[in-house]
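In: Here's a sequence, model it:
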Amino acid sequence: MEFEVIAHIRSDFKEKFGIPRQSGLVPDTVGRIVFEEAYRSMDALRGIEGFSHLWLIWVFSANRRVPWSPTVRPPRLGGNRRIGVFATRSPYRPNPIGLSCVRLKGIEETKEGPVLVVGGADLMDGTPILDIKPYLPYADSIKEAAGGFTDEDERKLLSVSFPEELKRKVDPEKTDALEGLLSQDPRPSYQKDENRVYGVSFSKQNIKFRVKGDELTVIEVEDE
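Out: Next up is the predicted model:
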């Protein structure tokens, strides 16, 4: 089987650390899907504006290659409990394929052809996309669905303390997305050192922070 890359995404996530763990968790993030030249056709997008959400099928292109394992250690379980790989969304799979649901915010006509503007994507900048399909509410939304081991632990959002003098260094159009990202707690679940300084690369800036209890405090914003 051979697959063609049809597009790449441009996003504010320049590295894997800090990317939301699932699509839709930070709806204020904005990405742009730029098609490869062979697929820059408005005809291929005819009717897509009628859908509010889309499925993206993409490739974990930044993963280091490792032999596949039948079990993985999900960070959500603290990294100390093994679960079958097919019962997780781990990026380390026999085939490194990702699936994300994003909101369609608009279509831009550019010199690179039509560009889809999407919200809530969990893709690193430059991620190759294999296919795009519409989200169908009547078929894709299952109210009685069970969440497996993810139902065992209710994730709590962190409160974000962002000093105004530091917030002014961030593009105002990206502030809500950044605060939403930080509130999700970018740290690995097993790291709880309150003195440790972490850094998230977001939109050409390095956001440094500490976490104490349920509060995350931004301590520096540096241009990269």
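
In: May I have the helix ranked longest in the chain exported as PDB, CA atoms only?
Out: When the chain is parsed with DSSP state H, its longest helix is helix 175-183. The C-alpha coordinates for helix 175-183 follow below in PDB (Å, rounded to 0.1, in the frame of the first residue of the first chain):
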ATOM      1  CA  THR A 175      -3.200  34.600  24.500                       C
ATOM      2  CA  ASP A 176      -6.400  32.600  25.000                       C
ATOM      3  CA  ALA A 177      -4.900  29.600  23.200                       C
ATOM      4  CA  LEU A 178      -1.700  29.700  25.300                       C
ATOM      5  CA  GLU A 179      -3.500  30.000  28.600                       C
ATOM      6  CA  GLY A 180      -5.800  27.100  27.500                       C
ATOM      7  CA  LEU A 181      -2.700  25.000  26.700                       C
ATOM      8  CA  LEU A 182      -1.100  25.800  30.000                       C
ATOM      9  CA  SER A 183      -4.200  25.000  32.000                       C
END
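
In: So which bits of it are buried?
Out: Residues of helix 175-183 classed as buried: 177, 178, 179, 180, 181, 182, 183 (neighbour count, 16 or more other C-beta atoms under 10 Å). C-beta coordinates here come from the backbone N, C-alpha and C atoms, glycine included.

In: After it, which helix or strand is next? Please name it.
Out: Using DSSP states H and E, the helix or strand that follows helix 175-183 in sequence is strand 198-202.

In: Residues in contact with that next one: which ones?
Out: With contacts defined as C-beta atoms under 8 Å, 6 or more residues apart in numbering, strand 198-202 is touched by 12-15, 17-18, 174, 178, 181-182, 186-187, 206-211, 224.

In: Please point out which parts of it sit buried.
Out: Result for strand 198-202 [16+ other C-beta under 10 Å]: buried residues 198, 199, 200, 201, 202.

In: same thing with stretch 82-102?
Out: Buried, per 16+ other C-beta under 10 Å, within stretch 82-102: 83, 85, 88, 89, 90, 92, 93, 98, 100, 101, 102.

In: Could you grab the helix/strand/coil label for the residue of the chain most remote from its centre?
Out: Distance from the C-alpha centroid of the chain, by C-alpha atoms, centre = their mean, peaks at residue 43 (28.1 Å). Following DSSP: H, G, I helix; E, B strand; the rest coil, we place residue 43 in the helix state.
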